[in-house]
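In: Can you look at this prediction? I've put the sequence above it.
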Amino acid sequence: METVNLHGIVEGAGDEGLVLLHPIGLDNSFWGALPSMLGRGRRILRLDLRGFGGSPIGAGAAPIEAYAADVHQAIRRYGLEKPAVLGLSFGGMIAQTLALDFPGSVSKLIACGCPGGIPVEARDALRERGVAAERGGMDSVVPTTIERWFTPDFVDNPVVERVRERLRTDSVRAWSEGWQAISNFNALPRLGGIDVPTLVVAGEHDLAAPPAAMATIAKAVPGARFVILAGAPHMMQLETSGLFIETIGDFLAARSVGAT
């Protein structure tokens, strides 16, 4: 399987590590205050997924497994020893796949705002999000993406304008290939094999990955903890950053995690 060398930024110091995997269309800079708040006592690696930010795109369309292999390679290259892995949206799907395909490289799994698999009946609609950009350019998909990602009361926040600009300047090919990979994602049948402490985080007002979809992951992973963030939309790390950071920090600090 072809892998690409992912661009990343390492900050913080300590024996523990945390890898951050961003949503489709964004890059490693869209984590708000989380890296600075949680980088005390641990090394944090913020990665750009293939085709986004400073990372190159592969030779052709690739499945989720290739994105996970990229991350595994980056963890080794940046010298992290079995870090916790946090993924949001597309990043959460990749994090699940990483924990399944490379179990020795993950100490804790944090899956946020993502399903455990895409139903067959939804696959065409998700592929269409990529094809729409091929037809009309990235500008054509920005408005609907923002509607799915944020609540109406937050869309005038300056951080949302940063998101809009990032989306407008994305590679159409990277965006489309990402949605193609998402459309074929289905980790659910294998999630029972995950044996590391797992936190599943849903946003109360997440239109893209509703709490009911997130609960399916929590039920499938043995001993997983399930949290619904009050008032949070899909981009919970930006709109409800304080609550998000507190939730992640509490999980990372816990010696053991039980189901809730």
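Out: Noted; the coordinates are in hand. Numbers count the residues shown, from 1 in each chain.
In: CA only for contacts and neighbour counts going forward, please
Out: Will do.
In: Tell me where the stretch 51-200 of the chain has strands.
Out: 84-88, 108-112, 198-203 (DSSP state E, counting those that start in this stretch).
In: Mind putting those strands into TSV with mean neighbour count and mean pLDDT?
Out: Listed next are the strands of the stretch 51-200 of the chain as TSV, based on neighbours: other C-alpha atoms under 10 Å; pLDDT from 0 to 100:
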stretch	mean neighbour count	mean pLDDT
strand 84-88	25	98
strand 108-112	27	98
strand 198-203	27	98
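In: closest one to Val141 among these?
Out: Checking the strands of the stretch 51-200 of the chain against Val141 by C-alpha to C-alpha gives strand 84-88 as the closest, at 19.8 Å.
In: Which elements pack onto the closest one?
Out: Using 3 or more C-alpha pairs under 8 Å, 6 or more residues apart in numbering; DSSP states H and E, the elements in contact with strand 84-88 are strand 13-21, helix 90-101, strand 108-112.
In: Strand 198-203 and that one, what's the angle between them?
Out: On the basis of axes from the mean of the first three to the mean of the last three C-alpha atoms, to 10 degrees, strand 84-88 is oriented at 20 degrees to strand 198-203.
In: Just checking: what are the partner strands of strand 84-88?
Out: strand 13-21 (parallel), strand 108-112 (parallel) (DSSP bridges).
In: Turn those into CSV, columns for distance to Ser36.
Out: Listed next are the strands paired with strand 84-88 as CSV, based on distance: least, C-alpha to C-alpha, whole Å:
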stretch, distance to Ser36
strand 13-21, 11
strand 108-112, 18
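In: Would you tell me which of those gets closest to Gly58?
Out: Short answer: strand 13-21, nearest of the strands paired with strand 84-88 by C-alpha to C-alpha, at 17.6 Å.
In: List of residues touching the closest one?
Out: Here strand 13-21 makes contact (C-alpha atoms under 8 Å, 6 or more residues apart in numbering) with 28, 39-49, 75, 80-88, 91-92, 94-95.
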